[in-house]
Every structure is written in C-alpha cells, then in structure tokens.
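Enquirer: Please work out how this folds:
(one chain, ligands or ions: 1)
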Amino acid sequence: MTEPTSRSIDPSAPDAPDDAPAAPAPDARLRTLAEIHTAIWQQLALAAQDRSHVWRTPVLATADADGLPDARTLVLREVQPAARQLTLYTDARSAKVLQLQARPQGRLVCWSPALGWQLRIRLAMQVQDDGLAVTSRWVRLRASPAARDYLSPLPPGAPVGGAPPSPAGAQRHHFAVLQGLVQSIDWLELHAAGHRRACFDAAGDGVWLTP
Ligand SMILES: Cc1cc2nc3c(=O)[nH]c(=O)nc-3n(C[C@H](O)[C@H](O)[C@H](O)COP(=O)(O)O)c2cc1C
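Expert: Residues are numbered from 1 along each chain as shown. Sure, this is the predicted structure:
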C-alpha cells in the first residue's frame, strides 16, 4: 500500500466534523497549489502500478444516448503525467464505448480515505479499437487471465439464456483502449483542520475554491 496514511481521515467528516480525527501537525498538509498538483499526479501514477491503491479502480461517468448519466468502475491501467493522459481498457462492444463515441467526454472520480482526497477529473476521451495502441497491449494481455474479459462471444450486457456462455474457443478479441486527456482536475481534501478544494486546468494551473 503506497498511499500515505499520516493524513488519514474519516470519510464521513463533512457530515460529522466532530468525529474527524485530531488535526495532524500543520506541516503534514501540502501548502501550495503546485505541491498539490504534483502530488495528485504522483498518486495517480502510483495507482496504475499498485493494485492495492484505491485510485486503481476509479469510477468513470459518461452521458448515455438520452444525455442521462451513466457510471461504472474501471481499472486505471496507465498514467502518463507529462502527457496528462490516463489509459483504461474495455470491451469495444460495451455501452460506455458507444457512449464515448457519440460524446467523447468523461469524468473520472477517485476517493482515497488515506489521503482524504477526492478527484473529479474531466477527460477528453478517445476510443481505440484497432491499430498499434491496441495490438501492442493485446500482445501483452492475451496470455493472461484478463484476456478472457475481451474474448466473450456475446457483448457486455447481452442477455444470456441458461448458463453463461464459456469464452473458451473464442478467437476474436474485442479489446479496446480508452485514452483520456485530462482537461481539468477538481481536488477536494477532507481534513479535520478544515476542508480545502482547488481546481487545476489543462495546463496544471490551479485556483482555490470554496469546498
Ligand atoms: C473493481 C472493478 C473493476 C472493473 N474494471 C473494468 C475495466 O477495467 N474495464 C471494463 O470495461 N470494465 C471493468 N469493470 C466492469 C464495469 O464496471 C462495467 O460493469 C462494465 O464495463 C460494463 O459497463 P458499461 O455497460 O457501462 O459499458 C470493473 C468492475 C469492477 C467492479
């Protein structure tokens, strides 16, 4: 577990501030927007490498065909801080892919009790279902148990009659890569000494906001 625990906080703190743990030493909190922005990206990069990091499984929200909200948990697979890019994997036939092809905007939401941090990341999304981005990753994936996730003969969400179909024998994969370019990050810190919120734009410039 690589998340720092020195700033642990009760997630119910906003509703029950009296229950929040005693404030840590003042210097335990990051002070500047630049420090916070750097730490956000460090934690995102850690999350893509560390299966136990809670930001490993954020929630991606999209808009459906009626403009209504949809959301689901995904694994954060790759993070490229310099390119401000987040990468997720999915089945090319899934509802989220259709939604993102129609409206290529997403929101990724992460919450870390250890950090006391929530992120709401606005993403410009790109779906890649062929080409080098897909084949290079599929070469690595196909020998792993995770390959099964992309070999189902039926699309995700398709009704099945009796027993679920076995993916055994399926030859064709439906692996797709979702690339998200970070457009803004809304950061919220819950803390016994006072909550803080800031928004960082695509260039990484931040402004403090009322939590
Ligand atoms: C912990 C967890 C991790 C998941 N990781 C992924 C993932 O990396 N990619 C994916 O397509 N679905 C993943 N899922 C399944 C999705 O949450 C969702 O059920 C599925 O992708 C269908 O979503 P859709 O109908 O909105 O496209 C995960 C679910 C859980 C609970």
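
Enquirer: unless I'm mixing things up, Met46 is touching His53, no?
Expert: Slight slip there: residue 46 is Leu, not Met. Yes: Leu46 lies in contact with His53 (CB atoms under 8 Å); the separation is 5.6 Å. C-betas here are computed from N, CA, C, even on glycine.

Enquirer: More neighbours: which of those two?
Expert: It is His53, of Leu46 and His53, that has more neighbours when counted by other CB atoms under 10 Å, with 21 against 16.

Enquirer: Please report the distance of that one from Arg29.
Expert: Note on His53: its distance to Arg29, by CB to CB, to the nearest Å, is 20 Å.

Enquirer: got it, and Thr38?
Expert: 14 Å.

Enquirer: For the two, indicate the residue with more neighbours.
Expert: Arg29 (17 against 14).

Enquirer: Look up how far the ligand lies from the more buried one.
Expert: Going from Arg29 to the ligand by CB to the nearest ligand atom, to the nearest Å gives 30 Å.

Enquirer: show me where this structure has strands.
Expert: Taking DSSP state E as the test, the strands found in the chain are 59-63, 69-73, 76-80, 85-91, 105-112, 117-128, 175-189, 196-200, 206-209.

Enquirer: Of all those strands, which one comes closest to Gly162?
Expert: With CB to CB as the measure, strand 85-91 is the member of those nearest Gly162 (21.8 Å).

Enquirer: Quickly check: the closest one near the ligand or not.
Expert: Yes: Strand 85-91 lies within reach of the ligand by CB under 6 Å from any ligand atom, at 88-91.

Enquirer: Ok, stretch 109-116 next?
Expert: No: judged by CB under 6 Å from any ligand atom, stretch 109-116 and the ligand are separated, with a smallest distance of 12.9 Å.

Enquirer: Can you mark which positions in that stretch are buried?
Expert: 110-112, 114-116 (16 or more other CB atoms under 10 Å).

Enquirer: just these now: which is nearest the ligand?
Expert: Nearest to the ligand out of the buried residues of stretch 109-116 is Cys110 (CB to the nearest ligand atom; 12.9 Å).

Enquirer: Please name the bridge partners of that closest one.
Expert: Leu119 (DSSP bridges).

Enquirer: what's next to stretch 120-129, contact-wise?
Expert: With contact meaning CB atoms under 8 Å, 6 or more residues apart in numbering, stretch 120-129 is reached by 62, 86, 92, 97, 100-101, 104-110, 134, 174-186, 188.

Enquirer: in it, what counts as buried?
Expert: Neighbour-count burial for stretch 120-129 flags 120-123, 125, 127-129 (criterion: 16+ other CB under 10 Å).

Enquirer: where does the chain come near the ligand, residue by residue?
Expert: Checking the chain against the ligand by CB under 6 Å from any ligand atom, the hits are 57, 70, 72-75, 88-91, 94-96, 156-157.

Enquirer: and the closest residue to Val109 other than its chain neighbours, how many neighbours does it have?
Expert: Spatial nearest neighbour of Val109, excluding adjacent residues (CB to CB, 6 or more residues apart in numbering): Val59 at 4.6 Å. Val59 has 14 neighbouring residues, counting by other CB under 10 Å.

Enquirer: Hmm, Val75 and Val59 touching each other?
Expert: No: counting by CB under 8 Å, no contact exists between Val59 and Val75, whose distance comes to 11.5 Å.

Enquirer: No further queries at this time; thank you.
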